[in-house]
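J.: What shape does this take:
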Amino acid sequence: MESPVEPLDREGDPLLSLAKKQFGIEYLFPLQRMAMAAVFDAVDAGNGAGGAEDAAFRQLVLFPTGFGKSLCFQLPALFLPGITLIIYPLLALMNDQKRSLDRRGIPSCLFRGGMDEGERQKAFASLESGASKIVITNPESLAGQRLRSFLASQGVFHLAIDEAHCVSEWGETFRPSYLDLGTHIAALAPKVISAFTATASPTVAEAIARHLFGGEPYRLITADMDKPNIRYSVEPTMSPLHTLTRLVKEKEKPLLVFDQSRSGVRHLCEEISGRTGMPVKFYHAGLARGEKEAVERWFMESDVGILTATCAYGMGVDKRNIRTVIHFSPPASVEAYLQEAGRGGRDGGPAEAVLLHTWSGRTQPLAECGKPGTSETQAEALRERRKESFLGYAQGAGCRREALLRLMGSEMDSPCAGCDHCEGIRRSVPEGLDELMEFFALNDGRFIRGQASALLAMNPSGGHPPGGMRREPPACAGAGLLADWEHKDIEELYGRAVRQGYLEPIKGYFRKGRIRILDRNFFSPHPVS
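T.: Numbering: from 1, shown residues only. Model (predicted):
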């Protein structure tokens with residue numbers, strides 16, 4: 001991050017004075033000033049100070065999460081002759097920004113689905129009178145003819161699209177309203193169009209420009225995407241719930257767990273609560289508004305809370321002291337991962353971003369894309385390639401931070417600030433697999449699946465004796481090697497080992513169903529004390 005410039009008391013700087021008064025900002029970064037400069041230049045052009053009065057200015061602003069994107073459209077709004085229209089992807093983010101403005105005494109209007117007529121009329125009146133100059137909405141609400149016509153009649157000066165990567169991430173899948181934004185923007189004819197996001201690869205940047213800017217030229221404003229206070233690591237696993245439980249117990253709180261489905265985050269919430277007894281709640285877009293707000297308040301105020309969430313919580317909700325972000329399942333792209341991992345450490349303090357990677361012991365070839373075919377098949381191929389490219393981050397060797405930046409089309413210009421590879425503690429195989437293979441190497445062909453699982457989990461001595469040496473259980477060599485694992489987690493570990501060809505049940509009549517190891521040399525058995 002760049003060094004701050006100009007002290008607050010610098011004479012003749014109303015921008016800094018207003019920033020301090022309305023937002024409590026002690027300084028402005030040069031890149032923030034660059035993003036705001038286009039807005040003020042457009043004011044000058046409209047007043048005859050130069051430039052084409054009817055030409056819209058377009059900019060794509062790439063700032064790291066927590067850099068201060070919101071200030072770049074909220075602060076100029078207080079100076080502008082017309083409305084600042086801010087388009088957000090999620091109700092949670094809209095509510096968060098509305099609360100932030102209300103807290104600072106800055107009037108704004110929020111338009112969302114399900115508003116009653118009284119709420120809508122009150123908002124219209126506030127804008128018509130000039131009492132409010134900031135409008136907060138989403139693509140679906142802007143698609144409504146009534147709202148769009150009203151805004152056009154009032155005059156939109158600055159139209160800002162926050163989390164603009166959603167145009168590419170979601171517009172081509174389950175949010176088609178994003179693909180219509182370009183048409184609505186053209187109808188509103190704002191003087192400045194700003195697309196803000198923390199992350200955008202060249203492919204996503206091209207999609208943003210195509211859908212929002214109509215292919216017209218635009219300015220790219222960017223800062224370093226690397227956040228040195230975040231430490232990156234990957235946990236290979238063959239029992240994701242066991243690995244997640246261990247991480248939740250070990251890692252610093254507050255802690256955020258991302259999964260890809262509503263049912264998934266609910267299930268993870270129940271599992272974490274049942275296994276650890278720690279305070280945990282879940283969050284997804286299907287919750288009622290009151291439920292969302294209650295969860296947001298709980299997590300915002302908690303210093304030890306754990307939240308399981310879909311990407312509905314993954315953008316911009318400003319809890320600044322999240323110390324750990326865990327991805328239980330991989331996101332769709334590197335952009336999504338960096339965006340969600342960036343929820344951690346927004347206060348500048350140390351944070352960890354941990355990706356669980358279901359291990360297969362081998363890498364997969366990337367899907368091809370761009371071959372002739374329908375636009376739908378090409379889009380699907382592109383989505384698959386982006387997802388599989390990100391999986392290469394988990395499977396590849398080398399610095400995690402460098403790999404992420406490379407996927408974003410960037411390079412690392414300083415030593416890694418922290419990752420499991422560069423620290424020399426990268427886990428080479430999933431936890432539990434060494435112990436599982438050792439057990440079956442010592443008991444090749446002796447036990448069926450249920451017997452083996454019970455023996456691995458048993459702890460007949462009631463604990464480990466002083467000195468850390470494991471007392472030899474009487475049942476068999478290797479019994480109790482996974483004594484700290486739940487039975488169902490051992491079953492999952494075993495099942496994946498069979499599917500991946502490390503173990504197999506004997507199929508013949510003699511010793512049928514008993515488990516044998518297929519490759520004794522793949523893992524060197526550890527001696528059992």
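J.: CA atoms for contacts and neighbours, from now on please.
T.: OK.
J.: same question for stretch 295-311, mean pLDDT?
T.: On average, the pLDDT along stretch 295-311 is 94.
J.: Please identify the buried residues of it?
T.: The neighbour-count criterion (16 or more other C-alpha atoms under 10 Å) identifies 295-296, 299-300, 305-311 as the buried residues of stretch 295-311.
J.: Please apply the same query to stretch 145-164.
T.: Neighbour-count burial for stretch 145-164 flags 148, 151-152, 155-164 (criterion: 16+ other C-alpha under 10 Å).
J.: and that stretch, what's its mean pLDDT?
T.: Averaging pLDDT along stretch 145-164 yields 94.
J.: Name the surrounding residues that touch that stretch.
T.: When contacts are taken as C-alpha atoms under 8 Å, 6 or more residues apart in numbering, the neighbours of stretch 145-164 outside the stretch itself are 39, 73, 77, 80-89, 127-128, 141-142, 184-185, 187-198, 208, 315.
J.: Put the alpha carbons of that stretch into PDB.
T.: In PDB, the C-alpha atoms belonging to stretch 145-164 read as follows (Å, rounded to 0.1, in the frame of the first residue of the first chain):
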ATOM      1  CA  GLN A 145     -38.700   0.500 -15.500                       C
ATOM      2  CA  ARG A 146     -40.200   2.700 -12.700                       C
ATOM      3  CA  LEU A 147     -36.900   3.100 -10.800                       C
ATOM      4  CA  ARG A 148     -34.900   3.500 -14.000                       C
ATOM      5  CA  SER A 149     -37.200   6.200 -15.400                       C
ATOM      6  CA  PHE A 150     -37.200   8.100 -12.100                       C
ATOM      7  CA  LEU A 151     -33.400   8.100 -11.900                       C
ATOM      8  CA  ALA A 152     -33.100   9.200 -15.500                       C
ATOM      9  CA  SER A 153     -35.400  12.200 -14.800                       C
ATOM     10  CA  GLN A 154     -33.300  13.200 -11.800                       C
ATOM     11  CA  GLY A 155     -29.900  12.800 -13.500                       C
ATOM     12  CA  VAL A 156     -27.300  10.300 -12.500                       C
ATOM     13  CA  PHE A 157     -23.800  11.900 -12.500                       C
ATOM     14  CA  HIS A 158     -21.700   9.000 -11.300                       C
ATOM     15  CA  LEU A 159     -22.600   5.400 -11.700                       C
ATOM     16  CA  ALA A 160     -20.400   3.000  -9.700                       C
ATOM     17  CA  ILE A 161     -20.600  -0.800  -9.900                       C
ATOM     18  CA  ASP A 162     -19.000  -2.300  -6.800                       C
ATOM     19  CA  GLU A 163     -17.700  -5.900  -6.900                       C
ATOM     20  CA  ALA A 164     -17.800  -5.600 -10.700                       C
END
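J.: Among the contacts of stretch 145-164, which lie within strands?
T.: Those of the contacts of stretch 145-164 mapping onto strands are 83-87, 192-197, per DSSP state E.
J.: Neighbouring strands - and their directions - for the helix or strand containing Ala353?
T.: Remark: Ala353 resides in strand 351-358, with elements defined by DSSP states H and E. Taking DSSP bridges as the criterion, strand 351-358 sits next to strand 230-237 (parallel), strand 324-327 (parallel) in its sheet.
J.: Pro202 against Arg406, yeah?
T.: No. Under the criterion of C-alpha atoms under 8 Å, Pro202 lies out of contact with Arg406, with a separation of 11.5 Å.
J.: hang on, the earlier thing: show the buried residues in the contacts of stretch 145-164.
T.: 39, 73, 77, 80, 82-89, 127, 141-142, 184-185, 188-198, 208, 315.
J.: coming back round to it: in the strand holding Ala353, what's buried?
T.: By 16+ other C-alpha under 10 Å, the buried positions in strand 351-358 come out as 351-358.
J.: Figure out how far that strand is from the centre of its chain.
T.: Between the mean C-alpha point of strand 351-358 and the mean C-alpha point of its chain there is a distance of 11 Å (C-alpha atoms, centre = their mean, to the nearest Å).
J.: And the average pLDDT for that strand is what?
T.: Along strand 351-358, the predicted local confidence has a mean pLDDT of 96.
J.: For it, which outside residues touch it?
T.: When contacts are taken as C-alpha under 8 Å, 6+ apart, the neighbours of strand 351-358 outside the stretch itself are 229-240, 243-244, 322-330, 341, 344-345, 394.
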